[in-house]
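Participant: I would like the atomic coordinates for the input below:
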Amino acid sequence: MRDEDFEQLHHLEDTYWWFVGMRDVQAALFDPVVESARPFLRPAGERVVVDLGCGTGGNLTWLRRYGADATVGGLDVVEHALRFCRTRGEHKVVLASATDLPYPDESCDIACSFDVLVQIPGDGGDERALAEMYRVLRPGGVAFVRGAAYEWMRSGHDEALHTQRRYSLHQLSERSRRAGFEVVRATYANTVLFPVAAVRRLVLMRVGVASADSDVKPMPRGLRWINRPFTWMLQFEALLLKRRWARLPFGLSVIVVLRKPPTADQQ
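Facilitator: Numbers count the residues shown, from 1 in each chain. Next up, the predicted model:
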């Protein structure tokens, strides 16, 4: 991402519909899994919760729902992004890569990766990151991984963000299992707007006018009212996903909720 993209992200991630609504989706999927994992996790005030590829820090604030302030931290490969984290008061951030985590084995209770695996360069880079996530989680620990869906949905947004890969639900689930994880939940998300986005991207590619520019940008003044109904659409998806059996059949994002199997002594 370019420096200006990080600055824009910093200004939008607390109010823009996609970020606000997706955090509701995250909570619907992850809250019950964290609750069921409590016997294997340290008490909330002692948990180590990490965001692998924390960007400008919006999800660090959200992750405090799972642990006390002092135990929530993150890492990113871009120092410019970490500066924005610090302006938010998020100081437990380090310059590091998700493929070489600066944490000891089995030292973390919860690990999350929001649209980061898709950006790791090189063949197998995402699988190295999943293996590292597995290494640092304690047995019974849980993880949340989100990525961009469908390689055929690639657009100028991906070029701007240096997206290396996009996933089907099956692909991300299988790579997670190969790393050793149990897949607790797996679903697509941002489903309601998917048909419109798919048609738009396919048309732009067909006519050759797709530009290398992020889709995340301030709405024009006359269209800012759209922010609220778009947020409601994602909140509706979150409401559906609170049912543990629910799975959305397609969408712009793919999500897996994972667990590192507990040891025989823990079971």
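Participant: what count of nearby residues applies to the residue nearest to Ala68 when sequence neighbours are not counted?
Facilitator: Distances taken as CB to CB, 6 or more residues apart in numbering place Gly45 nearest to Ala68, at 4.4 Å, with adjacent residues excluded. Placement of C-beta: from N, CA and C, glycine included. Gly45 has 10 neighbouring residues, counting by other CB atoms under 10 Å.
Participant: got the contact list for Gly45?
Facilitator: Gly67, Ala68, Thr71 (CB atoms under 8 Å, 6 or more residues apart in numbering).
Participant: kindly reformat the residues you listed as a markdown table containing secondary structure.
Facilitator: Shown next, in a markdown table, are the contacts of Gly45 (DSSP: H, G, I helix; E, B strand; the rest coil):
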| residue | secondary structure |
| --- | --- |
| Gly67 | coil |
| Ala68 | coil |
| Thr71 | helix |
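Participant: need the buried ones from those selected in ChimeraX.
Facilitator: Entered in ChimeraX, the line below selects the buried ones among those, by 16 or more other CB atoms under 10 Å:
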select :67,71
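Participant: tell me the secondary structure for the residue nearest to Ala68?
Facilitator: What three-state DSSP gives for Gly45 is helix.
Participant: just Ala198 next, same as before
Facilitator: Applying three-state DSSP: Ala198 is helix.
Participant: tell me the pLDDT at it?
Facilitator: Reported pLDDT at Ala198 in the predicted model: 81.
Participant: gap between it and Tyr150?
Facilitator: Per CB to CB, to the nearest Å, Ala198 is found 8 Å from Tyr150.
Participant: same deal with Leu12?
Facilitator: Per CB to CB, Leu12 is found 24 Å from Tyr150.
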